[in-house]
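Engineer: Show me the folded form of this:
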Amino acid sequence: MDLEKRPPGRPQEPPRRTDPEGCVAAAVRVPVRIVVLVLVVPVRMVWDALAVAGRFLLDTVGRPLGRALAWLGRAVFVRPLVGLWRYVVVPLAKGVGWLGNALLVVPAVWAYRWVLTPVGQALGWFLAGVGAVLVTVGRGTCAGLARLARYLVVVPAAWLHTWVLTPVGHGLARCGRGLLWCGRSVAWCLCKAVTGVGLVSYWTVRVLLVLPALAVWRWVLAPVGRVLAVVGREALDALGHAWRVAGYVSRAVGRALGALFRWTVAEPARWAYRSVLTPVGHAVRDTVLRPLADAARGARRAGRQALRSARLSVRQARADLRRTLFGEPEWPLPADRREPSGSEARTLGRSTTALTKD
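Structural biologist: A predicted model of the protein is given here:
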C-alpha cells in the first residue's frame with residue numbers, strides 16, 4: 001500500500017538501477033564466468049581433497065601426537081617446575097624473607113623509633129630556635145637595606161626615566177612610525193608585483209597542464225577505469241559463483257567416488273565377512289578350536305593332578321626316610337597354664353574356686 005500521495009497527471013517513474021554496469025557487464029559476465037568455472041573446478045576439487053586428507057591426518061595423527069606431546073611436556077617441564085617452585089623456591093623465599101625481616105627490618109624500625117626520631121625532634125627544636133633568631137635579625141637587616149636601596153637606586157632611576165628615557169623614547173617612536181609608513185609602501189608595491197606574476201603563472205600552468213590533464217582524466221582514464229572496475233567486479237562475482245558451483249561439483253564427485261568405493265569394495269567385503277568368513281570362523285571354532293581348548297584344559301588338569309600326586313608321594317617318602325633314620329619325633333609335653341580342669345572349675349553351685357578349695 002502506497003502511503004505517499006502523488007500529484008495528479010504525473011506518471012510514476014520507473015525504479016532506477018543502482019548498478020552502473022550496463023551493456024559492458026552483460027557482455028563480460030557470461031564469458032568470464034565460463035572461463036573462471038573451468039579454471040576453478042580443478043582447484044576446488046584439489047582443495048576439498050586436501051581438506052579431507054588434512055582432517056584425516058588431524059584426527060589420526062595430529063591429535064594423538066598433540067596429546068602425547070602435551071603429556072610429555074607436563075611430565076618433563078610443568079611438573080618439575082611446579083615441584084621446584086612449590087618445594088624449593090617458595091620455602092627458600094620464605095626463609096630469605098624471614099631472615100631479611102629479622103636482620104634488616106626489625107633493626108631499622110628500632111633505630112628509626114628509638115634513635116632517629118628523638119634526634120630529629122631535638123634537631124627540629126634547635127633549628128626552630130635558630131630560625132626565630134634569624135628571622136628577627138633578618139627583618140631589621142631587610143628594613144635597613146630597603147631604605148638604603150630606595151635612596152640609592154629607586155629615586156635616581158625614577159629621575160632618569162622621567163627626564164632622560166621618556167624624551168628619547170618619544171623621539172625614537174616618531175622615527176619608527178616614519179620608517180613603518182615607508183615599509184608599508186614598499187610592501188604594497190611588492191605585493192602587487194607578486195600578484196601579477198602569480199596570475200600569469202596560474203593561467204600558464206592551467207592552460208598548459210591542468211586543462212589537458214583534466215581532459216585526459218575525464219575522457220580517457222575515467223571511462224577505462226569504469227570498464228576495468230566492471231570487469232574486475234564481474235571477475236570477482238564469477239570467481240565466487242564458480243567457487244560455489246565447484247563446491248557442488250566436488251561434493252557430487254566425492255559422493256560418486258564414495259558410492260563407487262562402497263559398492264565395489266566395502267559392500268563385497270562386508271558380504272564376504274558376513275556370508276563366508278563368519279560361518280567358516282564359527283565352524284572352525286566349533287569343530288577345531290573348542291575341542292582343542294577342551295583337550296588342553298583336560299591335559300592341564302591331568303598334569304596338575306599328576307604333579308599333586310607326585311608331590312604327595314615325594315613328601316611321604318621323605319617322611320618315611322626320616323622316621324627310618326632318626327626314629328619317631330618326640331612330641332613336646334603340654335605346658336602347665338595353671339588353669340583348672342573341667343571337673344575342678346568353678347560352677348554356679350559352688351562358692352570356692354579351684355585355687356582356694358581345700
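
Engineer: so where's the stretch 101-250 of the chain uncertain?
Structural biologist: Nowhere does the stretch 101-250 of the chain drop to pLDDT under 70.

Engineer: how about the helices of it, start to end?
Structural biologist: Counting by DSSP state H, counting those that start in this stretch, the stretch 101-250 of the chain has helices at residues 106-111, 117-149, 155-160, 166-205, 211-216, 222-261.

Engineer: Helix or strand next in line after the last one, which one?
Structural biologist: Put plainly, it is helix 222-261. Next helix or strand after helix 222-261 toward the C-terminus (DSSP states H and E): helix 267-272.

Engineer: In that next one, which residues are buried?
Structural biologist: Buried positions in helix 267-272, judged by neighbour count with 16 or more other C-beta atoms under 10 Å: none. In this view, the C-beta of every residue, glycine as well, is placed from N, C-alpha and C.

Engineer: I'd like the next helix or strand past it.
Structural biologist: Helix 267-272 is succeeded, C-terminally, by helix 278-284 (DSSP H and E).

Engineer: continuing past that next one, what's the next helix or strand?
Structural biologist: helix 290-326.

Engineer: Over that next one, what's the mean pLDDT, rounded is fine.
Structural biologist: Helix 290-326 shows an average pLDDT of 86 in the prediction.

Engineer: With respect to Val89, which of the helices of the stretch 101-250 of the chain lies nearest?
Structural biologist: helix 106-111 (24.4 Å; C-beta to C-beta).

Engineer: May I have that closest one as CSV, with CA atoms only?
Structural biologist: The C-alpha trace of helix 106-111 is given here as CSV (Å, rounded to 0.1, in the frame of the first residue of the first chain):
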residue,chain,number,x,y,z
VAL,A,106,63.4,-5.0,62.8
PRO,A,107,66.7,-3.3,63.5
ALA,A,108,65.8,-0.4,61.1
VAL,A,109,62.4,0.0,62.8
TRP,A,110,64.1,0.0,66.2
ALA,A,111,66.7,2.5,65.1
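
Engineer: ok, back up a step: so which of the helices of the stretch 101-250 of the chain is the most surrounded?
Structural biologist: Most buried of those, by mean neighbour count (mean count of other C-beta atoms under 10 Å): helix 222-261, with a mean of 14.

Engineer: can you put the helices of the stretch 101-250 of the chain in a markdown table and add distance to Arg304?
Structural biologist: Formatted as a markdown table, the helices of the stretch 101-250 of the chain follow (distance: least, C-beta to C-beta, whole Å):
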| stretch | distance to Arg304 |
| --- | --- |
| helix 106-111 | 79 |
| helix 117-149 | 94 |
| helix 155-160 | 135 |
| helix 166-205 | 118 |
| helix 211-216 | 109 |
| helix 222-261 | 54 |
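
Engineer: Quick one, which of those gets closest to Val40.
Structural biologist: helix 222-261 (4.1 Å).

Engineer: circling back: the helices of the stretch 101-250 of the chain: which one's closest to Val46?
Structural biologist: It's helix 222-261; of those, that one is closest to Val46 (C-beta to C-beta) at 9.0 Å.

Engineer: Quick check: which of the helices of the stretch 101-250 of the chain is nearest to Arg74?
Structural biologist: helix 222-261 (39.5 Å).

Engineer: For that closest one, name the packing helices and strands.
Structural biologist: helix 23-57 (3 or more C-beta pairs under 8 Å, 6 or more residues apart in numbering; DSSP states H and E).
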